[in-house]
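Novice: mind folding the following:
(chains A and B)
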Amino acid sequence: MLVNGKEEQFDGSLSAYLEARSIAWEMVVVEINGLIVEKHTYLTRMLQPDDKIEIVSFVGGG
Amino acid sequence: MELFKVGGKELQSRLFTGTGKFASKEIIPGVIEASETQVITMALRRVDLDQPSENIMNYIPKHITLLPNTSGARNAKEAIRIARLAREMGCGNWIKIEVISDHKYLLPDNYETVKATEVLANEGFQVFPYMNPDLYIARDLVNAGAAAVMPLGAPIGTNRGLRTKELTQILIDEIKIPVIVDAGLGKPSHVVEAMEMGADAVLVNTAIATAGDPVEMARAFCMAAKSGRIAYQARTGRIKQTASASSPLTGFLGDLNG
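Specialist: Residues are numbered from 1 along each chain as shown, chains lettered A, B, ... in the order given. Predicted structure coming up:
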């Protein structure tokens, strides 16, 4: 699967992935295959090998 | 001073500030306090999964209204995507539309901005479109449901001030929704100028973030926004070509030699 443009392997749910990467839910928004993933589905959304995942957060900007 | 009503809120401050270009995030809370700003912009980007850095949200007080921008968007479709992601963060429904495909001047694409505004306003966003001052586009933005229009003063980061003064004045005079001058304002005097003209608010990022002392500069910009607004409300005097004396023209002392 692709995460932020990089090829990765992971077996499990989106919430498990975020925990493995030490990413706090409230700091990010996740989009998979062009669709925003709602936070209440993080536990049940299983990541697939052909998923294209974008994990974004707010950063400084004008 | 009367409150600034925009986007469904009532604000005391007419100075919006940005969070880009700061040498370090630690400066940001002091800048926010000194500027007395109540609205702050930020961008949306990929998390660096290899090197996660501390999130900017940790530096922004809870009472601040966030105005995320759609920077990175080159067309309406990309702006709409970014806006929806930003709203999903759960920090409100304000969005600054920034659609730019020109890398040299970072001028906003007015037409794509109107398209994005229409879609997002229909989805319930409070839309703040960054635009190149043009009366027709501004009217289209009003019709599309924008909360305000944000004409540029000068290209982003140039600190060149109100280069678009006359065209921005036209918007201030003709457009009924708030006009917020955004980009290019480099000195507090530029902000005073914009507010004296009747702008409803200003947005400043580079001039504060890259100042020698950003906190003190934020303080100066705060005073500038207030000063300009008070002057506008107090209605400045007429501009004349010839002089008219400030002191009486009678009661002069007699000549020494008479």
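
Novice: does stretch A:44-60 reach chain B?
Specialist: Yes: residues of stretch A:44-60 are located near chain B by Cβ under 8 Å from any Cβ of the partner chain, namely A:54-60. Where you see a C-beta, it was placed from the backbone N, CA and C, and this is true even at glycine.

Novice: which of those fall in strands?
Specialist: Of those, the ones assigned to strands by DSSP state E are A:54-60.

Novice: got a markdown table for those, with neighbour count, distance to A:Gln9 and pLDDT too?
Specialist: What follows is these, written out as a markdown table (neighbours: other Cβ atoms under 10 Å in any protein chain shown; distance: Cβ to Cβ, whole Å; pLDDT from 0 to 100):
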| residue | neighbour count | distance to A:Gln9 | pLDDT |
| --- | --- | --- | --- |
| A:Glu54 | 21 | 18 | 97 |
| A:Ile55 | 22 | 16 | 97 |
| A:Val56 | 21 | 22 | 97 |
| A:Ser57 | 24 | 23 | 97 |
| A:Phe58 | 23 | 28 | 97 |
| A:Val59 | 20 | 27 | 96 |
| A:Gly60 | 20 | 32 | 96 |
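
Novice: what comes up buried for stretch B:9-21?
Specialist: B:11, B:13-21 (16 or more other Cβ atoms under 10 Å in any protein chain shown).

Novice: would you check which pair of the residues you listed lies furthest apart?
Specialist: B:Leu11 and B:Lys21 (23.7 Å; Cβ to Cβ).

Novice: next one: B:Met89 relative to B:Gln38, how far apart?
Specialist: For B:Met89, the distance to B:Gln38 (Cβ to Cβ, to the nearest Å) stands at 19 Å.

Novice: B:Phe4 reaches B:Asp200, doesn't it?
Specialist: Yes: counting by Cβ atoms under 8 Å, B:Phe4 does reach B:Asp200; the two are 6.3 Å apart.

Novice: show me which residues of chain B sit near chain A.
Specialist: For chain B, the residues in contact with chain A (Cβ under 8 Å from any Cβ) are B:18-22, B:25, B:28, B:41-47, B:49, B:52, B:55-57, B:66, B:68-69, B:71, B:84-86, B:88-91, B:156-157, B:183, B:203, B:205-206.

Novice: how near is B:Pro52 to A:Val29?
Specialist: According to Cβ to Cβ, B:Pro52 and A:Val29 sit 15 Å apart.

Novice: need the pLDDT of the closest residue to chain B within chain A.
Specialist: Per Cβ to the nearest Cβ, A:Gly61 is where chain A lies closest to chain B, at 2.7 Å. We have a pLDDT of 96 for A:Gly61.

Novice: got a list of what it touches?
Specialist: Applying Cβ atoms under 8 Å, 6 or more residues apart in numbering or on different chains, we find A:Gly61 in contact with B:18-20, B:41-43, B:68-69, B:71.

Novice: hmm, back to that, which of B:Phe4 and B:Asp200 has more neighbours?
Specialist: Using other Cβ atoms under 10 Å in any protein chain shown, the more surrounded residue of B:Phe4 and B:Asp200 is B:Asp200, with 22 against 19.

Novice: quick one: B:Thr168 from chain A, how far?
Specialist: Applying Cβ to the nearest Cβ, to the nearest Å, the value for B:Thr168 to chain A is 18 Å.

Novice: that residue belongs to a helix?
Specialist: Yes: if the criterion is DSSP: H, G, I helix; E, B strand; the rest coil, then B:Thr168 is within a helix.

Novice: could you measure from it over to B:Glu196?
Specialist: 12 Å.

Novice: those two: which has the busier surroundings?
Specialist: B:Thr168 (23 against 16).

Novice: centroid residue for chain B?
Specialist: Residue closest to the average C-alpha location in chain B (Cα atoms, centre = their mean): B:Leu203, at 2.1 Å.

Novice: name the helices or strands packed onto the helix or strand containing it?
Specialist: Element membership of B:Leu203 [criterion: DSSP states H and E] is strand B:201-204. On a contact count with 3 or more Cβ pairs under 8 Å, 6 or more residues apart in numbering or on different chains; DSSP states H and E, strand B:201-204 meets strand B:15-18, strand B:180-182, helix B:188-197, helix B:214-234.
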